[in-house]
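**Q** A structural model of the following input is requested.
(one chain, ligands or ions: 2)
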Amino acid sequence: MRLNYYPPCQKPELTLGTEPHYDPTSLTVLHQNSISRLQVLVDNEWYSIRQNFNAFVVNIGNTFMALSSGRYKSCLHRAVINNKTPRKSLAFFLFPDNDKEVSPPTELVYYKNPRLYPDFTWPALLEFTQKHHRADTNTFQAFSMWIQDNNVEA
Ligand SMILES: O=C(O)CCC(=O)C(=O)O
Ligand SMILES: [Fe+2]
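**A** Ligands and ions are numbered 1, 2, ... in the order given. Below you'll find the predicted structure:
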């Protein structure tokens, strides 16, 4: 779980609360306080998620995308800030057990839908995002290449 606190900023147009990234997780369940500043990229435009204090935002992450062999896409998102009100969010991350291989079911892999990503384990992806490449728009592609180049045990 991660608690995010975004203090007000005098020049919010010059910065972001959280840069655009895909969550590496399977799913992320997010709750935000009354200030909705979470945005998702759809057709090259940023859209703000409507605020609802009684609702959670559920984000698909890269691990779920890999598990579904790309059928479900992870969601590019960012958080923006403002110059008046602090923003708080609480993110609950779901990911596979350490010893479970992330590999799509054979039913989802066929000639029209070939394998897109190598098998991996969650600890390998976590290590990659913590030591080699922070979460951004390119992390998962870079991870796939890294795991192939290094022959990291899945
Ligand atoms: O604060 C937010 O709404 C976004 C947080 C986020 O994307 C994350 O913690 O991965
Ligand atoms: Fe995120």
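**Q** the closest residue to ligand 1 within the chain: what secondary structure?
**A** Relative to ligand 1, the nearest point of the chain is residue 89 (3.4 Å; CB to the nearest ligand atom). To be clear about C-beta, it is placed using only N, CA and C from the backbone, and glycine gets the same treatment. When classified by DSSP: H, G, I helix; E, B strand; the rest coil, residue 89 comes out as strand.
**Q** do you know how far it is from residue 49?
**A** Residue 89 is 11 Å from residue 49, where distance means CB to CB, to the nearest Å.
**Q** same check on residue 76?
**A** Note on residue 76: its distance to residue 49, by CB to CB, is 13 Å.
**Q** run through the bridge partners of the residue of the chain closest to ligand 1.
**A** Listed by DSSP bridges, the beta-bridge partners for residue 89 are residue 4, residue 32.
**Q** again, but for residue 60
**A** Listed beta-bridge partners, residue 60: residue 27 (assigned using DSSP bridges).
**Q** follow-up on the earlier one: shared neighbours, residue 89 and residue 49?
**A** Residues within reach of residue 89 and of residue 49 at once, by CB atoms under 8 Å, 6 or more residues apart in numbering, are 32, 38.
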